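K.L.:
Would you be able to build a 3D model of this:
(2 chains)
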Amino acid sequence: MVSNKAIFSALLFSIFATPVMALNIFTCQPDWAALVKVHAPQANIFSATTAYQDPHFIQARPSLIAQMRKADLVICSGAEQEIGWLPELQRQSRNSKVRTGSEGLFYVTDYVAMLDKRDNVDRVLGDVHAQGNPHVQFAISDMLAVSKALTLRLTSQDKKNASQYQKNGVKFQQQWQQSMLEWQQKAAPLKGKKVVGYHGTYRYLFAWLGIEQVADLEPKPGVSPTTAHLNSLANFNAQQVYAIVYSTHQSDKAANWLAKRTALPVVALAQSVGGTDQALDIFSLIDSSIDALLAVQP
Amino acid sequence: MNKKLLWLSALSISSTAAMATTSNTISNVEIGVVLDGIYQDGSREFSHREEGFSLGHSEINLSANIDDKFRGVLTTMLESHEGKTEIELEEAFIESLAMPWGFKVKAGRFLSSFGYLNEKHVHEDAFSERPGVYRALLGGHYFDDGVQLSWLAPTDFYLAFTSEAFSGKKLDAGFDQPATVGVYSAAINIGADINASHSWMFGLSALRNGNGEMQFGGEHDHDDHAGDSHDEHDHGEHSHGPAFTGENLFGADFTWKWAPQGNYKYQNVRFTTEYLQLNDLYDTQFSDLQGAKDNLKGIYATIVYQFTPHWSVALRGSEFDHQLANDVHGHGDHAHGDFSDAKLREYDVSLAWLSSHFGQVRGQYTRQETHTKDDNIFSLQYVMTFGAHAAHGF
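P.N.:
Here you go, the predicted model:
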C-alpha cells in the first residue's frame, strides 16, 4: 500500500530532520507540560514539579538548573507563583533565551482573566499576589486564549514546524470547546454549592462551575491550618455546606479533623495533572475533578 | 541561513528590551531587608559575635537588572560591636546575564564560591554562627574584591566550574608588599536528583593565597596566628578576618536534601558535611619550630529536619584541629618559640519556630569544648526578612 515514493520522502525527511533539534521545553507545572505536549508532541518536555509538590516551595535544585540551561522555551504559571525559585533558576542556568521579558519565557497568567487581583498587597494578608490568584491550570474558559498564545509562541520559536503547531492548536481548541459543553452539562448540579476549601487552588474551577468557597482551612493564604482557626470553622453552620475540598498534595489532617466535627464529606482533588490516577492529561484533570465533586454523598 | 538566524536573534533582543520597559512601569529595583537579633549567654572561639544582646547580620539588599546584559547587587551589613554600629559592604557586584555557552562573569565584591556554606548568606543558616573551622579559616564567610568566571556544562546533570581572582587583602598574613592579586580559587560542583524525593550536590574547591604563608623576616615576623581567641589575628583592632591563613586551602562538601515526593512544604531534611584543610601556614624558619603542624583541618556535619510547616530542629557537630603559638617570633636570623596542639569541638542543637516563610525565632544550645575549657552557650535569636527576598540556592 505504501508507495516507494512515500518511503523515499519519509527517508529524505528523516535525514534532513535529524540535524534539526526538537524544541527543549521546560515547564514549571505538569499541567503546562501536558498542554504543550498536545501542541508540540515531538518536543522534549521536562516538568520541574509534580502534582504532589506545593508549587510555592520548590528547591532551586541542581537538576532543574541543568534542565533550564538547555531550554528553548520555559512555560510557567507566572503571577509570582514561582517567585521563590524561578528567578534563582534563571540566574543560575545563564540561559538568555528564557530570561524575564524574553520570547522564550511564557507566563500562562498573561493570557488569563485573573481573579482576585489586589491593589494592596501586604504580608500580613498571607501569601497573596498583586496580579491575582496564580492557580490558573483550572482557568477553563481562558485555556482557549492560552492555546492560541502558546501556538504563536511555538511558531515564533520554531518556524520550521509552524504548520504543525497551528494544526495541533486548532485541534486542541475545538476539542476543548467540545469538552467545555460536556462539562457544563455534567456539572450543572454543582451550581450554587458551597464548599470549604484548602488554599485558593480551585478558585478558577469553582468560579467556572458556580461553586462558592465559603471558608478556607488556611487562616490566610499560604498559612497552614491552625487549631484556633479550625475551631472557628467547626462552629459555623455546616448545614449549607456541600463538602470540604483539598488537594492530594496537601496534608489531609485538617480536612479530616473538620469533617469529623461537622460530619461533612471530604473530597481530594488533583491540584495538577498526575495528582490522581484519573487526572492523566489536561482534559482528564478537569473531567475527573468534576466527577469527584459530583460523587460527593451528602 | 546563519544571516537569518542573526537577524532573528537581533529582533528578539530588541523586543526583549521593549517588553522589559513596559512591564516595569516605575522601577525594577528589588529592596530586601534581613533583620537578625540575638541574645546569647556566652561567646564562641574565633567569633566576633558578643555575649548579651546584639544585632547579628542585619542586611539591606538592593538588586536589579542593569540592562539586558547585566544585573547588579549591593548588600550592606549592619552589625553592632561594643556599642557601635558597624556598616560593612558585603556585596557590590555586577554579573552577566547574556553570555553564550553557559558562561557567566561576576565582578566587584562578592562571596567566594569556595566550599558550600561560604557562598550562602548567614541568614540562610540554621544556626547563629558558622562552624568553628569556617570562623577560623574564612572569618565566617570570605568575601573580597575580584572577578569570577564560571561555566555551566550542557549536561543532563548539574556540572559547573568556577574560578576566581581576588585582592586577597582579607586573607593577608601580614606581608609588607602583598601581591596585588593575592587569592585565586577554583571549584567544581556536580549535582542531580536520585528521584522526586532525593537530591544531592558535591563540590571540591581549592584556594591559593599568595599572601597567606607566614614569612620569616621583615617587621611582621611576630606571630599573627596566635590562635588564641583573646589575641586573634587582628592587629589589635576589631577584625572579621580569619584567625589562620596559609598558602593553600582545600575543601570538599556534600549536600543531600529530602522531602516526601519532593513536597518541601510539610516536611523536609537537609544534610550537609564539609571538610576544610589549610596547608603551608609558615615558611621553613617557623615550620621547623617544635610542634608546628603541617596543616590545620576541620570538618562539620549539619542535619536540619523541618517536621511541620512551622517547626524545624537542627543538629550540628564540628571539629577543628589547630595550634597555639607560644611566643613565636623572628630574632636575627633564626626563629624562636614553639607551637602546641589545640582542638575545638562544638555540638549545636537548634529549634526554630517558623512564623511564615519570612520569619523565624530560634533557640540554640552549643556545647563548646576546647583544649582548656568546656562551655555551654544558650542563645535566642530571630531572623526575619521583608521586602524583596532573593530565592535561595540549593
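K.L.:
what residues does stretch A:123-133 touch?
P.N.:
When contacts are defined by C-beta atoms under 8 Å, 6 or more residues apart in numbering or on different chains, stretch A:123-133 is touched by residues A:56, A:78-81, A:109, A:114-119, A:121, A:200, A:203-204, A:218-223, B:356-358, B:386. C-beta here means a position set from N, CA and C on the backbone, and glycine is covered the same way.
K.L.:
Now which of those would you call buried?
P.N.:
A:56, A:78-81, A:109, A:114, A:200, A:203-204, A:218-223, B:356-357 (16 or more other C-beta atoms under 10 Å in any protein chain shown).
K.L.:
near chain B, which residues of the stretch 1-150 of chain A show up?
P.N.:
Proximity of the stretch 1-150 of chain A to chain B, by C-beta under 8 Å from any C-beta of the partner chain, involves residues A:49-50, A:52-54, A:56-63, A:65-67, A:69-70, A:83-88, A:91-94, A:96, A:99-103, A:123, A:127.
K.L.:
Run the contact check for the helix or strand hosting A:Gln177 versus chain B.
P.N.:
Following DSSP states H and E, one finds A:Gln177 within helix A:162-186. No: if you take C-beta under 8 Å from any C-beta as the test, helix A:162-186 misses chain B, and the best it gets is 13.5 Å.
K.L.:
Give me the next element, helix or strand, following that helix.
P.N.:
Next along from helix A:162-186, by DSSP H and E: strand A:194-197.
K.L.:
which residues in chain A form strands?
P.N.:
A:24-27, A:44-47, A:73-76, A:105-107, A:194-197, A:212-216, A:241-247, A:266-269 (DSSP state E).
K.L.:
Distance to B:Asn248, mean neighbour count and mean pLDDT added to those, as TSV?
P.N.:
Output for those, formatted as TSV (distance: least, C-beta to C-beta, whole Å; neighbours: other C-beta atoms under 10 Å in any protein chain shown; pLDDT from 0 to 100):
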stretch	distance to B:Asn248	mean neighbour count	mean pLDDT
strand A:24-27	40	24	98
strand A:44-47	40	20	97
strand A:73-76	41	26	98
strand A:105-107	43	23	97
strand A:194-197	59	22	96
strand A:212-216	57	17	95
strand A:241-247	53	24	96
strand A:266-269	57	19	97
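K.L.:
Could I get those in TSV, plus columns for distance to B:Glu30?
P.N.:
Formatted as TSV, the strands of chain A follow (distance: least, C-beta to C-beta, whole Å):
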stretch	distance to B:Glu30
strand A:24-27	23
strand A:44-47	28
strand A:73-76	19
strand A:105-107	18
strand A:194-197	32
strand A:212-216	30
strand A:241-247	31
strand A:266-269	35
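K.L.:
Quick check: whichever residue of the stretch 1-150 of chain A sits closest to chain B vs B:Asp125, distance?
P.N.:
Residue nearest to chain B within the stretch 1-150 of chain A (C-beta to the nearest C-beta): A:Pro62, separated by 2.9 Å. Per C-beta to C-beta, to the nearest Å, A:Pro62 is found 20 Å from B:Asp125.
K.L.:
who has more neighbours, these two?
P.N.:
Per other C-beta atoms under 10 Å in any protein chain shown, whichever of A:Pro62 and B:Asp125 has more neighbours is A:Pro62, with 25 against 20.
K.L.:
mind listing the strands in the stretch 51-200 of chain B by residue range?
P.N.:
For the stretch 51-200 of chain B, the strands defined by DSSP state E, counting those that start in this stretch cover B:52-55, B:58-65, B:70-81, B:84-96, B:103-111, B:143-152, B:158-166, B:183-193, B:198-209.
K.L.:
Skip the chain neighbours and tell me the closest residue to B:Tyr158.
P.N.:
With sequence-adjacent residues excluded and distances taken as C-beta to C-beta, 6 or more residues apart in numbering or on different chains, B:Tyr158 is closest to A:Pro62, at 3.2 Å.
K.L.:
How about the contacts made by the one you found?
P.N.:
A:Pro62 makes contacts with B:Phe157, B:Tyr158, B:Asn189, B:Ile190, B:Gly191, B:Ala192, B:Asp193, B:Ser199, B:Met201, B:Phe394, as judged by C-beta under 8 Å, 6+ apart.
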